[in-house]
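**Student:** Any chance you can model this:
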Amino acid sequence: MDIASLIPKQVESFILDQEDLDNPVLKTTSEIFLSSTAEGADLRTVDPETQARLEALLEAAGIGKLSTADGKAFADPEVLRRLTSSVSCALDEAAAALTRMRAENSHNAGQVDTRSLAEACSDGDVNAVRKLLDEGRSVNEHTEEGESLLCLACSAGYYELAQVLLAMHANVEDRGNKGDITPLMAASSGGYLDIVKLLLLHDADVNSQSATGNTALTYACAGGFVDIVKVLLNEGANIEDHNENGHTPLMEAASAGHVEVARVLLDHGAGINTHSNEFKESALTLACYKGHLDMVRFLLDAGADQEHKTDEMHTALMEACMDGHVEVARLLLDSGAQVNMPADSFESPLTLAACGGHVELAALLIERGANLEEVNDEGYTPLMEAAREGHEEMVALLLAQGANINAQTEETQETALTLACCGGFSEVADFLIKAGADIELGCSTPLMEASQEGHLELVKYLLAAGANVHATTATGDTALTYACENGHTDVADVLLQAGADLDKQEDMKTILEGIDPAKHQEHESEGGRTPLMKAARAGHLCTVQFLISKGANVNRATANNDHTVVSLACAGGHLAVVELLLAHGADPTHRLKDGSTMLIEAAKGGHTNVVSYLLDYPNNVLSVPTTDVSQLTPPCQDQSQVPRVPMHTLAMVVPPQEPDRTLQENSPAVLGVQKALYWIFLLALVTPAPSPPLWTSSVEG
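**Tutor:** Numbering: from 1, shown residues only. Prediction:
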């Protein structure tokens, strides 16, 4: 090589010949340079040790006193910087050449690299990637997961690999098959500053957005990478772009607690009170929700509006209270935040703290003047919220501060005790009862709430505490009907042992008393049902079996005969329950007040399995009277001779259309139901009044 050729301009690279590789002087020189940069020093600067090595090298080569074209000596720092950069590039090429030689030798020895291009990229194996690209593989291939090779390299922080791919003209905007993030976004998200700069040098679009609306700046802010944020802003990144959550870069930085990033963004003009369109979140509300005290302090000092409300009408203080961030709440209160429910809001800071069980925070709010009886949009006081969530310590705090233990909601008359019993919180219920809570207060008593939800041990406790097992609601329900309706057989057993009425019907007089006449029919249709009826309608087979074993009447009808136990099971389509009831003597021939039968009830609900069972009951044969079809369509023209349908039968049947044959292609089940209804109608037409039962005890000969 001609040393003089290095003087006029900086050498980018060179390729070593085999004889060069065998030259011990070059080997020694390479070791000198490599050792000086092994720790990753910036080659654009020359540290004293490196400069000394270079000077020694130049002196040993006899060129230490030579000058460059501009008259500067080789030992001059500026010349050394240029020389270092040039030699560094040369050494890169030399190292690559050596790697290629080793790969070729391995290949000759039978050790073949079978990795794919994507696998080589995933491993960060630059030399394998170069080899595969030299063999003609496309630089714009994608991984099996649909990721571009460049994006893979950038997300993993493989700077040299990214260099190679870009040098081979990889698409700098390639999002892969998924179409999600660009390489610049991947590098920004990972915090790889050098790769970010490299991509920007290759004209990467700084304002491209991901499928979720994020930009490279958004990712960098969320990750807290201040230097990358600065680079992107200097390259023209939009500072107010919103992602799909409506978050700006500042909001993302605030949510993650990256104060220095937020400072840079505000210095570049980011809007401190900008909020998302849908959820109305601001940088401050997000920081408060996450509990980032330093960020909250920084934003308040920078002028953030602490009374801004989110779409849930939550202020910054309320957001802090949701997750129990005591110090953030203290800072906000010290800064003048409103301690009670703001206008147009649905919650108070104290109800939110009570709901979350944040005792220390609740104590702080009460100390600062929070209203103990302020209700939220559900009508719950802080005590009710604490009881509903089972926070015994919070309940104790609120009661100690004077909360009303028997306060009720306006609509449903719920109390702290009924809410605790509904949730099955025995310790809270015990605490409230011992503190004087009314055990019979509420539209549904605490015992009813516990029975409905199946909290067996709590039911036992309430009964032992004197709860009234016979108490009824305005609709006539009892603890037992609630337990049976929800299939809690063990609870039903305990209630019966405590004296609950097995065949207690909902009192229609009680139900209808004070009810608007327009609603009379609705309540009547639901009234008069026994515990067995409730269980049958809901299909709770075990509960039905248990109640029958305790002597429940399987043939009981409601007070106005709109249902029986069997009809309710048929209407619900519960075949196993129907079979059990009929096996225990339930009457399948009973007609309801509107003339409906068990078969009709099942058919109306489209329950073909129940319909089929009833049609075959009891001996798989339905006794159908002989029908003279000619009588239905007489040939004579004298209409006075046409048989008439008795008027009393019209109210007892449902007049369906003849089965539509086109349904056979779509739904055989529906066709079966239609056939059943059609035959019922035919029987009603030809049967003299009154109509006999559809079922017989045996097959007629």
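**Student:** Now residue 609. Nearest residue, chain neighbours left out?
**Tutor:** residue 575 (5.0 Å; C-beta to C-beta, 6 or more residues apart in numbering). Any C-beta I mention is one placed from the backbone N, CA and C, and that applies to glycine too.
**Student:** From residue 617, how far off is that neighbour?
**Tutor:** Residue 575 is 12 Å from residue 617, where distance means C-beta to C-beta, to the nearest Å.
**Student:** Test my guess that the residue nearest to residue 609 contacts residue 610.
**Tutor:** Yes: counting by C-beta atoms under 8 Å, residue 575 touches residue 610, with 5.2 Å between them.
**Student:** For residue 557, give me the backbone phi and psi.
**Tutor:** Note on residue 557: its backbone torsions stand at phi -110, psi 160 [degrees, to the nearest 10].
**Student:** Confirm for me that residue 137 is in contact with residue 117.
**Tutor:** Yes: with contact defined as C-beta under 8 Å, residue 137 counts as touching residue 117 (4.8 Å).
**Student:** Show me what the host helix or strand of residue 232 is in contact with.
**Tutor:** Here residue 232 sits within helix 226-234, counting by DSSP states H and E. Applying C-beta atoms under 8 Å, 6 or more residues apart in numbering, the set of residues contacting helix 226-234 from outside is 188, 191, 193, 196-197, 200, 206, 216-217, 220-221, 239, 249, 258, 260-261, 264-265, 268.
**Student:** Which of the residues you listed fall in helices?
**Tutor:** Members of these lying in helices (criterion: DSSP state H): 188, 193, 196-197, 200, 216-217, 220-221, 249, 260-261, 264-265.
**Student:** Now, of those residues, which are buried?
**Tutor:** Buried members of the ones in helices among the contacts of helix 226-234, scored by 16 or more other C-beta atoms under 10 Å, are 188, 193, 196-197, 200, 216-217, 220-221, 249, 261, 264-265.
**Student:** Next, give me the two most distant ones among these.
**Tutor:** 197 and 265 (19.9 Å; C-beta to C-beta).
**Student:** Which neighbouring elements make contact with the helix or strand containing residue 431?
**Tutor:** If you go by DSSP H and E, residue 431 is part of helix 426-434. On a contact count with 3 or more C-beta pairs under 8 Å, 6 or more residues apart in numbering; DSSP states H and E, helix 426-434 meets helix 392-400, helix 416-423, helix 456-464.
**Student:** in the second one, what's buried?
**Tutor:** Neighbour counts using 16+ other C-beta under 10 Å place 416, 417, 418, 419, 420, 421, 422, 423 of helix 416-423 among the buried residues.
**Student:** circling back: show me which pair in the ones in helices among the contacts of helix 226-234 is furthest apart.
**Tutor:** Among those, 200 and 260 lie farthest apart (C-beta to C-beta), at 21.4 Å.
**Student:** Not counting sequence-adjacent ones, nearest residue to residue 458?
**Tutor:** residue 450 (4.4 Å).
**Student:** So the one you found sits against residue 462, correct?
**Tutor:** Yes: with contact taken as C-beta under 8 Å, residue 450 and residue 462 are classed as touching, separated by 6.1 Å.
**Student:** shared neighbours of these two, which are they?
**Tutor:** residue 421.
**Student:** if you count what's nearby, which of these two comes out ahead?
**Tutor:** residue 450 (33 against 29; other C-beta atoms under 10 Å).
**Student:** what does the one helix or strand the more buried one maps to contact?
**Tutor:** For residue 450, the host element (DSSP H and E) is helix 446-453. By C-beta under 8 Å, 6+ apart, the surrounding residues in contact with helix 446-453 are 415, 417-424, 429, 439-440, 442, 444, 458-459, 462-463, 467-469, 471, 473, 477-480, 482-483, 485-486, 488, 491, 495.
**Student:** now swap in stretch 159-168 and tell me
**Tutor:** 121, 124, 126, 129-130, 133, 139, 149-150, 153-154, 172, 183, 187, 192, 194-195, 198-199, 202.
**Student:** Tell me the first helix or strand C-terminal of the least confident helix or strand in the chain by mean pLDDT.
**Tutor:** Every helix and strand in the chain was compared by mean pLDDT, DSSP states H and E; the lowest is helix 520-526, with a mean of 32. Once helix 520-526 ends, the next helix or strand along the chain (criterion: DSSP H and E) is helix 531-538.
**Student:** Just name whatever secondary elements that next one is in contact with.
**Tutor:** Helices and strands touching helix 531-538, by 3+ C-beta pairs under 8 Å, 6+ apart, are helix 479-485, helix 541-549, helix 565-572.
**Student:** Check the average confidence over that helix, would you?
**Tutor:** Mean pLDDT, helix 531-538: 96.
**Student:** CA atoms of it as PDB?
**Tutor:** This file holds the C-alpha atoms of helix 531-538, laid out as PDB (Å, rounded to 0.1, in the frame of the first residue of the first chain):
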ATOM      1  CA  PRO A 531     -90.000 -22.300  45.800                       C
ATOM      2  CA  LEU A 532     -90.500 -25.500  43.700                       C
ATOM      3  CA  MET A 533     -91.900 -23.400  40.900                       C
ATOM      4  CA  LYS A 534     -88.900 -21.100  41.000                       C
ATOM      5  CA  ALA A 535     -86.500 -24.000  40.900                       C
ATOM      6  CA  ALA A 536     -88.300 -25.700  38.100                       C
ATOM      7  CA  ARG A 537     -88.500 -22.600  35.900                       C
ATOM      8  CA  ALA A 538     -84.700 -22.100  36.300                       C
END
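**Student:** now the angle from that helix to helix 541-549?
**Tutor:** 160 degrees (axes from the mean of the first three to the mean of the last three C-alpha atoms, to 10 degrees).
**Student:** how close does the residue nearest to residue 609 get to residue 557?
**Tutor:** In terms of C-beta to C-beta, residue 575 sits 21 Å off from residue 557.
**Student:** ditto for residue 140
**Tutor:** Distance from residue 140 to residue 557, by C-beta to C-beta: 77 Å.
**Student:** again with residue 463
**Tutor:** For residue 463 relative to residue 557 (C-beta to C-beta), the value is 31 Å.
**Student:** helix/strand/coil for the closest residue to residue 129 other than its chain neighbours?
**Tutor:** Spatial nearest neighbour of residue 129, chain neighbours left out: residue 120 (4.9 Å); criterion: C-beta to C-beta, 6+ apart. At residue 120 the chain is in helix, as set by DSSP: H, G, I helix; E, B strand; the rest coil.
**Student:** Around residue 396, how many other residues sit close by?
**Tutor:** The number of residues near residue 396, taken as other C-beta under 10 Å, comes to 15.
**Student:** Name the nearest residue to residue 390, sequence neighbours excluded.
**Tutor:** The shortest distance from residue 390 to any non-neighbouring residue, by C-beta to C-beta, 6+ apart, is to residue 425 (3.8 Å).
**Student:** The one you found: neighbour count?
**Tutor:** 22.
**Student:** Does it touch residue 386 like I think?
**Tutor:** No: with contact defined as C-beta under 8 Å, residue 425 does not count as touching residue 386 (10.0 Å).
**Student:** who's in contact with residue 307?
**Tutor:** Taking C-beta under 8 Å, 6+ apart, one finds 315, 316, 337, 338, 342 in contact with residue 307.
**Student:** do the same with residue 550
**Tutor:** Here residue 550 is in contact with 496, 502 (criterion: C-beta under 8 Å, 6+ apart).
**Student:** from now on call the first residue 16
**Tutor:** Got it, the first residue is 16 from now on, which makes the last one we talked about residue 565.
**Student:** Which pLDDT value goes with it?
**Tutor:** pLDDT, read off for residue 565, is 94.
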